[in-house]
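K.L.:
Sequence and predicted structure, then a few things I'm wondering about:
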Amino acid sequence: MTDQKPDRPDAPRGCPVAHGSAELARLYGPEAATDPRGIYERLRKEHGSVAPVLLEGDIPAWLVLGYRDSRRVLDNPRQFARDGRIWRDWREGRVAPNSPLVPMLAWRPDCVSQDGEAHRRLRGAVSDGLQSAADRGIRRHATHFANKQIDAFADSGRADLVADYADLLPMLVTARILGLAEAEGRRLVESCAQVMKGGEDAVRHDGVIREIFGELAERRRTEPASDLATGLLEHHAALDHDEVVAHLRAVLIAAHVTTNLLARVLELVLTDANRLSGLISGQLNISAVVEEAMWNSPPLAVLPGRFAASDVELGGHRIEEGDLLVLGLAPGNVDPEVRPDPDVSVQGNQSHLAFGAGPHECPGQSIGMSIIEVAVDVLLHRLPGLRLAVPPEELNSTASTWMSLLDTLPVEFEV
């Protein structure tokens, strides 16, 4: 980087910026909020499968756009570690403690932030806890909360299936699994949303989440129950207080991501009469619709993050030790090298990036799928004549660095 303009934000050290380019692309701000796909495709044309970008606070990173390069990063934790303590910009003080990147990228005592034996120990505890929760009846909890949410608007003939349903249902089910009261689960909906959105309130809301789970962990030490908090405390891996809190938080954040997937599945169903009638008649399986959403609108568009453990070449670029990489799950899923025609059906193909891959692949994906299946099934059978209340082209999304969220999904139905 010898030809940077003096007022230009620093790029990753190995970044080969195109001559004459005024600045790196930002994954935040007005353009990123309204046209993230346009940014991804422009970067792919300019830089190939890996591109230099700026995150909030003008912190440099590499955005991995290619499917195969994303799999290489995800499958090789020795080369591309999850431990944020090796992040050079963090080590050298360029990331402020109140940066909105901290809740998503900084090291925490959970399995998401660690590799090797430490990761296996902690992930084993979480996986065992989630399996126990599934055995106790995820679908029963999902059915209860789906009906409860629908009861609140069933007599009106109208609803916004984002704000009234999708934003809440996975969070309420997960709160029950974790050991929280329903009121606490509802309180955490906004905090999770703010953490994922970024901005100046992200760190404060992350503190709210950790405070609630800290109190829950203390309660469960003396008042054990059939929930994930108790399961983590009693697990033979012997998690300490901070590890328990960090994992409860991680599972809740994953549930918030599931809210976006549910919204996208409902969008697909309600914008296509054939899908809707197929699901109602039983001729179409909901899993096929979920697969389509996973490929074309993954709930997490950009996965944070990995850190180069040593100098390495990726996508024709030199990545230096300590560089931050973020994984473009959305652009990776439409990489022309693996999907030359994105309109070709992906039914039956589960090799999408939506759940991640490698040792850190989402351990709770079966629970999320169960919640979505129940949510769609209950909705379609409770609300006769369900239909979109606006033309499909009027539906809009707003993106943050990490997610592209459907703003509203207004519907009408018979009462």
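P.N.:
Right, received. Where do you want to start?
K.L.:
Next SSE downstream of the longest helix seen in the chain?
P.N.:
The residue-count maximum for a helix in the chain (DSSP state H) belongs to helix 241-270. Sequence order places helix 273-281 as the next helix or strand after helix 241-270, per DSSP states H and E.
K.L.:
distance of residue 211 from residue 168?
P.N.:
Residue 211 sits 21 Å away from residue 168, going by Cβ to Cβ, to the nearest Å. (Each C-beta comes from the backbone N, C-alpha and C, glycine too.)
K.L.:
and these two? which has more neighbours close in?
P.N.:
Here residue 211 and residue 168 are compared on neighbour count by other Cβ atoms under 10 Å; more neighbours surround residue 168, at 21 against 12.
K.L.:
ok, now which ones touch that one?
P.N.:
145, 149, 186, 189, 259 (Cβ atoms under 8 Å, 6 or more residues apart in numbering).
K.L.:
One more pass at 6 Å, please.
P.N.:
Counting by Cβ atoms under 6 Å, 6 or more residues apart in numbering, residue 168 makes contact with residue 149.
K.L.:
Which strand or helix spans the residue nearest the centre of the chain?
P.N.:
With distances taken as Cα atoms, centre = their mean, the residue of the chain nearest its centroid is residue 300 (3.6 Å). Using DSSP H and E, residue 300 sits in no helix or strand.
K.L.:
Could you shift the numbering so residue one becomes 427, and keep it that way?
P.N.:
Got it, first residue is 427 now, which makes that one residue 726.
K.L.:
Do I have it right that residue 734 meets residue 750?
P.N.:
No - under the criterion of Cβ atoms under 6 Å, residue 734 is not in contact with residue 750, lying 8.2 Å apart.
K.L.:
quick one: low-confidence parts of the stretch 427-576 of the chain?
P.N.:
Low-confidence segments of the stretch 427-576 of the chain (pLDDT under 70): 427-448.
K.L.:
All the strands of it, residue numbers only.
P.N.:
451-452, 476-481, 485-490, 506-507 (DSSP state E, counting those that start in this stretch).
K.L.:
how about these in JSON lines, adding mean neighbour count and distance to residue 741?
P.N.:
Output for the strands of the stretch 427-576 of the chain, formatted as JSON lines (neighbours: other Cβ atoms under 10 Å; distance: least, Cβ to Cβ, whole Å):
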{"stretch": "strand 451-452", "mean neighbour count": "18", "distance to residue 741": "16"}
{"stretch": "strand 476-481", "mean neighbour count": "25", "distance to residue 741": "3"}
{"stretch": "strand 485-490", "mean neighbour count": "26", "distance to residue 741": "7"}
{"stretch": "strand 506-507", "mean neighbour count": "22", "distance to residue 741": "13"}
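K.L.:
Dump those to TSV, plus distance to residue 810.
P.N.:
Output for the strands of the stretch 427-576 of the chain, formatted as TSV (distance: least, Cβ to Cβ, whole Å):
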stretch	distance to residue 810
strand 451-452	46
strand 476-481	46
strand 485-490	45
strand 506-507	50
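K.L.:
quick one: the residue lying closest to residue 605 once chain neighbours are set aside and residue 581, what's the gap?
P.N.:
Excluding the flanking residues, the one nearest residue 605 by Cβ to Cβ, 6 or more residues apart in numbering is residue 653, at 3.3 Å. Going from residue 653 to residue 581 by Cβ to Cβ gives 33 Å.
K.L.:
out of the two, which sits in the more crowded spot?
P.N.:
residue 653 (22 against 7).
K.L.:
Am I right that that one is in contact with residue 607?
P.N.:
No - assessed by Cβ under 6 Å, residue 653 is found out of contact with residue 607, at 11.1 Å.
K.L.:
ok so, going back, the longest helix of the chain packs against which elements?
P.N.:
Applying 3 or more Cβ pairs under 6 Å, 6 or more residues apart in numbering; DSSP states H and E, we find helix 667-696 packed against helix 595-604, helix 628-648, helix 654-660, helix 712-722, helix 791-808, strand 830-832.
K.L.:
Which neighbouring elements make contact with the fourth one?
P.N.:
In other words, helix 712-722. Helix 712-722 packs on helix 667-696, going by 3+ Cβ pairs under 6 Å, 6+ apart.
K.L.:
Which positions in the helix it packs on come out as buried?
P.N.:
Buried residues in helix 667-696, counted by 16 or more other Cβ atoms under 10 Å: 669-696.
K.L.:
Mind checking the pLDDT average for it?
P.N.:
For helix 667-696, the mean pLDDT works out to 97.
K.L.:
by how many degrees do it and helix 628-648 diverge?
P.N.:
120 degrees (axes from the mean of the first three to the mean of the last three Cα atoms, to 10 degrees).
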